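In: my questions concern the predicted model and sequence given below.
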Amino acid sequence: MTTPNQLQLERGTTIFGKWQKQKYVVERLLGEGANGQVYLVHHKREQYALKIGFDVVDLQAEANVLRMIAKQQPELYIQLLDVDDVQLPTGESHPFYIMRFVEGVTVTQFLQQQSVDWFPLIGLHLLEKLSKLHQIGWIFGDVKADNILVSKYGKAELVDYGGATEFGKSVRQFTEIYDRGYWNAGSRSADFKYDLFSFAVLAVQLLEPEKLNAITKQSLPQNRSISNLLDIAENNGQLKQVAPWLHKALHGQFVHSEESLALWRSLLRQHHRKKVAVNRLPLWLKGLAAISGAMLAGATFIWFIGL
Ligand SMILES: Nc1ncnc2c1ncn2[C@@H]1O[C@H](COP(=O)(O)OP(=O)(O)OP(=O)(O)O)[C@@H](O)[C@H]1O
């Protein structure tokens, strides 16, 4: 049996479905993970993503989840076009399914290529998607950088619904550092707060990767806690802007998903207003503001050491 890292479909390979008799032509590999490989393919002049797996039961379960969510929440634009098996020239049979091709690069690459200033807007798009999923009683489960693709203008999409789980069930698939249990902050039972927690860890990871890495490497499992994450956030300008949101998400204090979305939006608006106000100041006033800022910092320092 071929193992995940042995399978390699060359450009131009034709995938012919055993049962549905549809034909797909491979363009290139989009990505791979523990459950399979995802290829860009074309079919009747349209581009799609084809996920080919190694375990029939796992892939079928994933396809069933996609089908269910697509039906219940059309606003997520999930498409499941075909589910079938293919017999490769090696004689081996593999299950596959066809879904919408999501354009973009991973969120980590996007922030590196553009700027971390895009993070609040990308975060908003993601929270909107998560909230749509929560509305129908499902969580995404495996919120992590590799499962977020970002295209032009910071438009973010979730890929890999393999971890999607109905409220109340045990989370089907998760990645350690984004997991609430890993931080001794709650169970692995699916509720909307689970996704929001992972999103908060993701925020810290995207903006302070080294500091987060140091904590996960150095601290003993029993000593890991959300205060480690909040301490990092306090000392980062971008994270500080959304600190009230991170605090609530990490403590599991949001009452529903829409509340979290509304808070993120209002923090974004506040930040935007501040930026606009500073940009509108005449140059001489900006200088004065900078000087008074420095004076304020100095005064605060003197006040501190005087105590
Ligand atoms: N619909 C899609 N459009 C474009 N790229 C995709 C799509 N689905 C998946 N990918 C790419 O393929 C990669 C691997 O896919 P996926 O995460 O589904 O595999 P996996 O085996 O379930 O991975 P993991 O082990 O992380 O769970 C993704 O990280 C993403 O880069």
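Out: Sure thing, it's come through. This structure is a prediction, so every number in the text was calculated from the model and none was measured.
In: enumerate the residues of the stretch 151-300 of the chain near the ligand.
Out: 159-160, 162 (C-beta under 6 Å from any ligand atom). In short, each C-beta sits where N, CA and C put it, glycine included.
In: what is the neighbour count of V276?
Out: 9 (other C-beta atoms under 10 Å).
In: hey, C-alpha coordinates of the strand or helix carrying it in PDB?
Out: Secondary structure from DSSP states H and E places V276 in helix 257-280. Taking C-alpha atoms only, helix 257-280 is exported to PDB below (Å, rounded to 0.1, in the frame of the first residue of the first chain):
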ATOM      1  CA  SER A 257     -20.300  33.600  18.700                       C
ATOM      2  CA  GLU A 258     -21.900  36.800  17.400                       C
ATOM      3  CA  GLU A 259     -20.800  38.600  20.600                       C
ATOM      4  CA  SER A 260     -17.200  37.700  19.800                       C
ATOM      5  CA  LEU A 261     -17.700  39.000  16.200                       C
ATOM      6  CA  ALA A 262     -19.200  42.200  17.400                       C
ATOM      7  CA  LEU A 263     -16.400  42.900  19.900                       C
ATOM      8  CA  TRP A 264     -13.700  42.300  17.300                       C
ATOM      9  CA  ARG A 265     -15.500  44.700  14.900                       C
ATOM     10  CA  SER A 266     -15.800  47.400  17.500                       C
ATOM     11  CA  LEU A 267     -12.100  47.000  18.500                       C
ATOM     12  CA  LEU A 268     -11.200  47.300  14.800                       C
ATOM     13  CA  ARG A 269     -13.300  50.400  14.400                       C
ATOM     14  CA  GLN A 270     -11.800  52.000  17.500                       C
ATOM     15  CA  HIS A 271      -8.300  51.400  16.200                       C
ATOM     16  CA  HIS A 272      -9.200  52.700  12.700                       C
ATOM     17  CA  ARG A 273     -10.700  55.900  14.200                       C
ATOM     18  CA  LYS A 274      -7.600  56.500  16.200                       C
ATOM     19  CA  LYS A 275      -5.400  56.000  13.100                       C
ATOM     20  CA  VAL A 276      -7.600  58.400  11.000                       C
ATOM     21  CA  ALA A 277      -7.500  61.000  13.800                       C
ATOM     22  CA  VAL A 278      -3.700  60.900  14.000                       C
ATOM     23  CA  ASN A 279      -3.400  61.100  10.200                       C
ATOM     24  CA  ARG A 280      -5.700  64.200  10.100                       C
END
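In: need the residues that contact that helix.
Out: 120-121, 123-124, 127-128, 130-131, 134-135, 192, 196, 241-242, 244-245, 248-249, 254, 286, 289 (C-beta atoms under 8 Å, 6 or more residues apart in numbering).
In: what residues sit buried inside that helix?
Out: Judged by neighbour count using 16 or more other C-beta atoms under 10 Å, the buried positions of helix 257-280 are 257, 260-261, 263-264, 267-268.
In: out of the residues of the stretch 151-300 of the chain next to the ligand, name the ones that lie in helices.
Out: Among these, no member falls in helices (DSSP state H).
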